[in-house]
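Q: The following comprises the amino acid sequence and a computationally predicted model.
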Amino acid sequence: MKNEIQAHEGFYGTSDLALAAVISLSSPILIVDKRNPRRAEFYFRQDADLDRLVDEYWKGQLKVEPQQYFNQLRIVKARLYGEE
């Protein structure tokens, strides 16, 4: 879990695609960093709501509507693979 967090002040970064999809349901993806060809990083503005969401995700306590999640995952993948 800790290795998913990048220390950029005011931002939260993750390379976990599923987590990025969950976060992007309520917060926009600000940056998709593809400098590492093996692993892209998704960055979001960090705040207390995001911290709580990430905590619930890792504890397995998060509930999301399945169809909404699936559609958002497709959007995140399109952003990942569609940007140069």
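A: That came in fine, so what should we check first? Numbering: from 1, shown residues only.

Q: Show me the helices in this structure, by range?
A: With DSSP state H, the ranges of helices along the chain come out as 17-24, 48-59, 66-82.

Q: Show me the beta-bridge partners of Gly13.
A: Assessed by DSSP bridges, Gly13 has beta-bridge partners Tyr43.

Q: could you measure it against Ala48, distance?
A: Distance of Gly13 to Ala48, given as CB to CB, to the nearest Å: 17 Å. C-beta here means a position set from N, CA and C on the backbone, and glycine is covered the same way.

Q: Between those two, which is the more surrounded one?
A: More neighbours surround Gly13 than the other of Gly13 and Ala48, with 18 against 7 (other CB atoms under 10 Å).

Q: what's the distance between that one and Lys34?
A: 12 Å.

Q: Now the closest residue to Gln68 other than its chain neighbours: phi and psi?
A: Using CB to CB, 6 or more residues apart in numbering and skipping the chain neighbours, the partner closest in space to Gln68 is Leu25 (6.7 Å). Here is the backbone geometry of Leu25 (degrees, to the nearest 10): phi -70, psi -30.

Q: Report how many residues lie close to Leu25.
A: Other residues lying near Leu25 total 16 when counted by other CB under 10 Å.

Q: next one: Ser26
A: Ser26: 11 surrounding residues under other CB under 10 Å.

Q: what's it in contact with, if anything?
A: Under the criterion of CB atoms under 8 Å, 6 or more residues apart in numbering, the neighbours of Ser26 are 49, 53.
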